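Q: Just a sequence and a predicted model for now, questions to come.
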Amino acid sequence: MDAERRIKEVMAEVLEVDPRTIGEGFHRDEASAWDSLNHLRMVSALEEAFGIRFTMKEVGEMERFETIRRLVRLEDLAGALDEVQGHGRRGPARSASEDLVLGFPRRPLRGGSRSRSGGGGGR
């Protein structure tokens, strides 16, 4: 399956629209289900479907099908380049969407673990 078709399928599933309605010019305002939560669900689903990770900046730019398609292709190419150069897949263990939901800053972990000060309290 080609990348464009897969992107449309992921978007259609999350946004509850017919995949045939997604194409050039498809914008966030055209899907009533495209709210902030479904935006993060879509980002996470795209990251999983393509084995890529988006930056926070990229997540914020994803308001049109064309932009999403371009970003998926760029991330996919960057990952392939990293593999060819022997660096493995780039990016942190968590995705940008997970960082937003969890409230973590997007930076690499040091020393193999993350600790939070203040003991263990709930919110």
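A: That came through fine.
Q: So which elements touch the top helix by length along the chain?
A: In the chain, assigned by DSSP state H, the helix with the most residues is helix 65-84. The contact analysis (3 or more C-beta pairs under 8 Å, 6 or more residues apart in numbering; DSSP states H and E) places helix 65-84 against helix 3-15, helix 36-50, helix 56-61. C-beta here means a position set from N, CA and C on the backbone, and glycine is covered the same way.
Q: what's next to it, contact-wise?
A: 3-4, 7-8, 11, 22-27, 46, 50-54, 58, 61-62, 88-90 (C-beta atoms under 8 Å, 6 or more residues apart in numbering).
Q: which parts of that helix are buried?
A: 65, 68-69, 71-72, 75, 79 (16 or more other C-beta atoms under 10 Å).
Q: Can you tell me which of those is closest to Leu40?
A: Ile68 (13.6 Å; C-beta to C-beta).
Q: and that closest one, how far is that from Pro19?
A: Going from Ile68 to Pro19 by C-beta to C-beta, to the nearest Å gives 13 Å.
Q: Mutual contacts of these two, please.
A: Each of Met11 lies in contact with both Ile68 and Pro19 under the rule C-beta under 8 Å, 6+ apart.
Q: Turn the helices and strands packed on helix 65-84 into JSON lines, columns for mean pLDDT and mean neighbour count.
A: JSON lines is the format used below for the helices and strands packed on helix 65-84 (pLDDT from 0 to 100; neighbours: other C-beta atoms under 10 Å):
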{"stretch": "helix 3-15", "mean pLDDT": "96", "mean neighbour count": "18"}
{"stretch": "helix 36-50", "mean pLDDT": "96", "mean neighbour count": "18"}
{"stretch": "helix 56-61", "mean pLDDT": "96", "mean neighbour count": "15"}
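Q: Least confident of the buried residues of helix 65-84?
A: Note: of those, the lowest pLDDT belongs to Gly79, at 65.
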